[in-house]
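# for reference, the sequence and a predicted model appear below.
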Amino acid sequence: MRYEELTGKVQASARLPDRQSAERALEATLETLAERVPDGLADHLAAQLPEGAAEAVRRITAAHEAAPRQREYSRDHGERFDITSFAGRIAWRSGHSEEEALREAAAVLEVLDAAVSPELMHKLTAVLPRDIGELLPEARAGESGPRS
């Protein structure tokens, strides 16, 4: 899927007014997702995304590599946070309310479900806690994994 197609689908799914809003929602969600999942999984996600979207994920993994190891973050597990922090981070990055951020994140995750391999989506689903997993498309939400 090309970047323009990806952002167009996010725009339509989230009912956003323009392409720039869709790009902000996509970038904010991908960056926050990259913080939450293990770096190796984030790298696999970036490899399956078009360059414009992959860059958001790579920015986070590059920052992890450059930063000293933090207690709350493990490159093998990702940073632990719940839906409240997930929404807050996306809202901060996108400049929207937390309610809007969650709606937009759900749209981004729905588009990702169609854009990446089923195996990768299953792995993402498995590492997300139940509350964040509830944002996933219905077919995947029941598969959510470890609940950390």
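All right, it came through fine. Numbers count the residues shown, from 1 in each chain.
# quick one: pLDDT of Gly133?
pLDDT, Gly133: 89.
# next one: phi and psi at Leu49?
Leu49 adopts backbone torsions of phi -100, psi 150, taken as degrees, to the nearest 10.
# surely it is in contact with Val111?
No: with contact defined as C-beta atoms under 8 Å, Leu49 does not reach Val111; the gap is 10.6 Å. Just so you know, the C-beta spots here come from the backbone N, C-alpha and C atoms, and that holds for glycine as well.
# those two - which one has more neighbours?
Per other C-beta atoms under 10 Å, whichever of Leu49 and Val111 has more neighbours is Val111, with 26 against 22.
# before we move on, which element is the closest residue to the more buried one other than its chain neighbours in?
Once flanking residues are discounted, Val111 sits nearest to Lys9: 4.6 Å by C-beta to C-beta, 6 or more residues apart in numbering. Here Lys9 sits within helix 3-14, counting by DSSP states H and E.
# how far does that helix sit from the chain's center?
Offset of helix 3-14 from its chain centre (C-alpha atoms, centre = their mean, to the nearest Å): 14 Å.
# what does stretch 41-52 give?
11 Å.
# ok, back up a step: find residues that contact each of Leu49 and Val111.
Leu6 (C-beta atoms under 8 Å, 6 or more residues apart in numbering).
# so where's the protein shaky on pLDDT?
Regions of the chain meeting the criterion pLDDT under 70 cover residues 66-77, 138-148.
# from the contact counts, what lies against the helix or strand that the helix holding Lys9 is followed by?
Downstream of helix 3-14, the next assigned helix or strand under DSSP H and E is helix 19-36. Helices and strands touching helix 19-36, by 3 or more C-beta pairs under 8 Å, 6 or more residues apart in numbering; DSSP states H and E, are helix 3-14, helix 39-48, helix 51-66, helix 83-94, helix 98-115.
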